[in-house]
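**Q** Based on what follows, work out the 3D shape:
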Amino acid sequence: MTALPAPEPGLLLRLAGPLQSWGLHSHFNERGTAPFPTRSGVIGMLASALGRHRGQPIDDLTTLHLTVRSDRPGVLLRDLHTVGGGLPGKATVTTAEGKKRPGDTGTLLTHRHYLADAAFTIALTTPQPTTEHHSLLNRCANALRNPQWPLHLGRRSCPPEGPLLLGQSDDTLHHLIHLPVAARPPSTPAVEGTPVEFLADRPLAFLPAPPSTISGAHEDGTHASGELNDQPVSYHPSQRSYLARPLYRRTLLLPHAQFAGFGTQQLTALGRYLDTRLHTTGGDRR
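**A** Coordinates of the predicted model:
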């Protein structure tokens, strides 16, 4: 029998709301969204909760690993915005040359993309359970409970709904797999389970997946499926910079009973799980 990976301490978050937007390929008047929470967006949320200004270092936060469970991918929504319309000449949009647009061209159209009605469960973990990393996790957990500045799901216009911080655990990835899924149960459940996608910034062999959730028909997440330019280096307004990082995907077959539906039904199932099981540590995987 293959031994399960060593437990990893970390935080469990629930990212759900009417709208989310995780910028990735935004360009001038086209503001896109990734189909899942990005490292830059989640780390930026932690920095905001901690009260860090945009020019302050984030080196400690970037040591945390991000693993995303896509409970409900949502629907891609495109919203049309206008910028600069109806303003006096001196207040209109500035051109690349530093001039002001005349009245007949002062209004610009922008397209902004969102994920509507999406829900994700994420784990922020450290494979190095040192005193320093435990202290960082504790500070982040306290900040998410009492954030210095308002938190948002990618854009400021996208506030989260319901509980955001689910808890802190010594066996975070175990709970990431077993927490109730914020989606309707399948109408015709398959015997072997319903596929749910996991995404991470490192090979997904570290997931403590029960044998019943593994299928030979799906990739095991050993090899990167692509690259994302979302590893933040600095959020400074005039010096924003990001590095590329690999993206790994893995699909697990989760049992029908784990799908808890929407609204209060899902929150009730989530609360029941948190009350009875989240205190579980690496030595007791139930």
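**Q** any idea where the strands of the stretch 1-150 of the chain begin and end?
**A** For the stretch 1-150 of the chain, strands defined by DSSP state E, counting those that start in this stretch occupy the ranges 10-20, 30-31, 65-72, 75-83, 108-125.
**Q** Show me the shaky parts of the chain.
**A** Low-confidence segments of the chain (pLDDT under 70): 1-4, 25-30, 81, 83-108, 190, 279-286.
**Q** who's in contact with stretch 260-272?
**A** 14, 162-163, 166, 179-185 (Cβ atoms under 8 Å, 6 or more residues apart in numbering). For every residue, glycine as well, the C-beta is placed using N, CA and C.
**Q** whoops, I mixed them up, stretch 146-164
**A** So stretch 146-164 is in contact with 13-23, 33, 37-38, 41, 45, 48-51, 112, 114, 144, 267, 270, going by Cβ under 8 Å, 6+ apart.
**Q** which of these count as buried?
**A** 13-23, 33, 37-38, 41, 45, 48-50, 112, 114, 144, 267, 270 (16 or more other Cβ atoms under 10 Å).
**Q** all strands of the stretch 151-286 of the chain, in order?
**A** Counting by DSSP E, counting those that start in this stretch, the strands of the stretch 151-286 of the chain are 165-169, 194-200, 226-234, 241-254.
**Q** can you tell me which residues contact the spatially most central residue of the chain?
**A** Centroid-nearest residue in the chain: Pro37, 3.3 Å away (criterion: Cα atoms, centre = their mean). Residues counted as contacts of Pro37 (Cβ under 8 Å, 6+ apart) are 15, 20, 22, 66, 68, 120, 122, 153-154.
**Q** how about those in a markdown table, adding distance to Ser212?
**A** Output for the contacts of Pro37, formatted as a markdown table (distance: Cβ to Cβ, whole Å):
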| residue | distance to Ser212 |
| --- | --- |
| Leu15 | 27 |
| Gln20 | 31 |
| Trp22 | 31 |
| Leu66 | 26 |
| Val68 | 22 |
| Phe120 | 23 |
| Ile122 | 23 |
| Leu153 | 32 |
| Gly154 | 34 |
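**Q** Among the residues you listed, which one sits closest to Thr194?
**A** Checking the contacts of Pro37 against Thr194 by Cβ to Cβ gives Phe120 as the nearest, at 16.5 Å.
**Q** Apart from its chain neighbours, what residue comes closest to the closest one?
**A** Leu15 (4.6 Å; Cβ to Cβ, 6 or more residues apart in numbering).
**Q** Isn't the one you found up against Ala119?
**A** Yes: Leu15 lies in contact with Ala119 (Cβ atoms under 8 Å); the separation is 7.2 Å.
**Q** list the contacts for Asp220?
**A** Here Asp220 is in contact with 204-205, 214, 250 (criterion: Cβ under 8 Å, 6+ apart).
**Q** quick one: the nearest residue to Glu8 once chain neighbours are set aside from Ala47, how far?
**A** Closest residue to Glu8 apart from its sequence neighbours, by Cβ to Cβ, 6+ apart: Thr125 at 4.2 Å. To Ala47, Thr125 is 18 Å away according to Cβ to Cβ, to the nearest Å.
**Q** With Asp220 instead?
**A** For Asp220, the distance to Ala47 - Cβ to Cβ - is 33 Å.
**Q** With that, I have no additional questions.
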